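Visitor: Test case, fold it:
(one chain, ligands or ions: 1)
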Amino acid sequence: MEQLLVALDVDSIGEARSLVDRLRGGVVGGFKIGSRLFTREGPALVEELASRGDRVFLDLKFHDIPNTVAGAVAAATRLGAWMINVHASGGSTMMRAAHDAAADEAAKRSRPRPLVIAVTMLTSLSQETLGEIGVCDPMLSQVGRLAALTQTAGLDGVVASPQEIDLIRRRCGRQFAIVTPGIRAAADVKGDQSRTMAAAEALAAGATYLVVGRPIIAAKDPRAAADRIAAECRTVIGSDPSGVGRHVRGIRGV
Ligand code: C5P
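Guide: Below you'll find the predicted structure:
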């Protein structure tokens, strides 16, 4: 199920490896390594998984001056990351620098360019928090504006909450990747995620990739949990082999 990306939100390489070993082999489409695991363990696991052919979404949400972001994206590309992200609020010059660094570094190594996507507004932000930082527009307008800016800057897609998929899909078209966390079945504990959607619903709404953490990694049997989610997704994707990935047809790896 190539649309299903599992967030390796654990504290050690050992725990991450044991999850990956249980989940590898067709049921998931890749693994997300975020700042928690990366800060504790460094880049070794990214290289290790990439060298074994696993797709790694390196979720470090870069946000800095363009030259620094370009350097970080080039480094992530060297590690073999399949997908990398930055903050759209860093602006179009920064996003273009990220895109170009990924393209240049990949070309130097004769590798496919990693997907470069942007975070619009973190799903933890509320309208009130936007006010604190001087953004007076409604949340959805700001998300739409930053998604459009991301697309204009040449990036491949955005990270978006399930509730934002429809707006972004209408504004940015079918080829733009939408990577969606906040996936919960009705019976799941929501934890700190407030705006959630079931996996099949999110795919039907137009998500390209789903990022699922705790419903899989905290399950008694992570493989069985992933199998259940993948089966649910197949009910939406059906027998079309390109499935929901049609949204990113033309982008490598789909
Ligand atoms: O455990 P859960 O399924 O909530 O994990 C979701 C993953 O997606 C976590 O790694 C979280 O950091 C990430 N994420 C998110 N919301 C965003 C961006 C990333 O939940 N806006």
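Visitor: hey, let's count contacts and neighbours off CA atoms from now on
Guide: Noted.
Visitor: residue ranges with poor pLDDT in the chain?
Guide: Confidence mapping of the chain against pLDDT under 70 gives the ranges 193, 239-254.
Visitor: Up against the ligand, what does it have?
Guide: 7, 9, 122-123, 181-183, 193, 211-214 (C-alpha under 6 Å from any ligand atom).
Visitor: let's see it at 8 Å
Guide: 7-9, 32-34, 59, 119, 121-124, 159-161, 180-184, 190-193, 211-217 (C-alpha under 8 Å from any ligand atom).
Visitor: Buried among those residues? Make that a ChimeraX selection.
Guide: Entered in ChimeraX, the line below selects the buried ones among the residues of the chain next to the ligand, by 16 or more other C-alpha atoms under 10 Å:
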select :7,8,9,32,33,34,59,119,121,123,159,160,161,180,181,182,183,184,190,211,212,213,214,215,216,217
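Visitor: What lies in contact with the helix or strand containing residue 94?
Guide: Assessed by DSSP states H and E, residue 94 sits inside helix 92-108. If you take C-alpha atoms under 8 Å, 6 or more residues apart in numbering as the criterion, helix 92-108 is touched by 64-67, 69-71, 73-74, 77-78, 86, 88, 112-114, 116, 149-150, 152-155.
Visitor: so how far is that helix off the chain centroid?
Guide: 18 Å (C-alpha atoms, centre = their mean, to the nearest Å).
Visitor: following that helix, which helix or strand shows up next?
Guide: According to DSSP H and E, the helix or strand after helix 92-108 is strand 115-119.
Visitor: which stretches of the stretch 1-150 of the chain form strands?
Guide: Secondary structure of the stretch 1-150 of the chain, counting by DSSP state E, counting those that start in this stretch: strands at 4-7, 30-34, 56-62, 83-87, 115-119.
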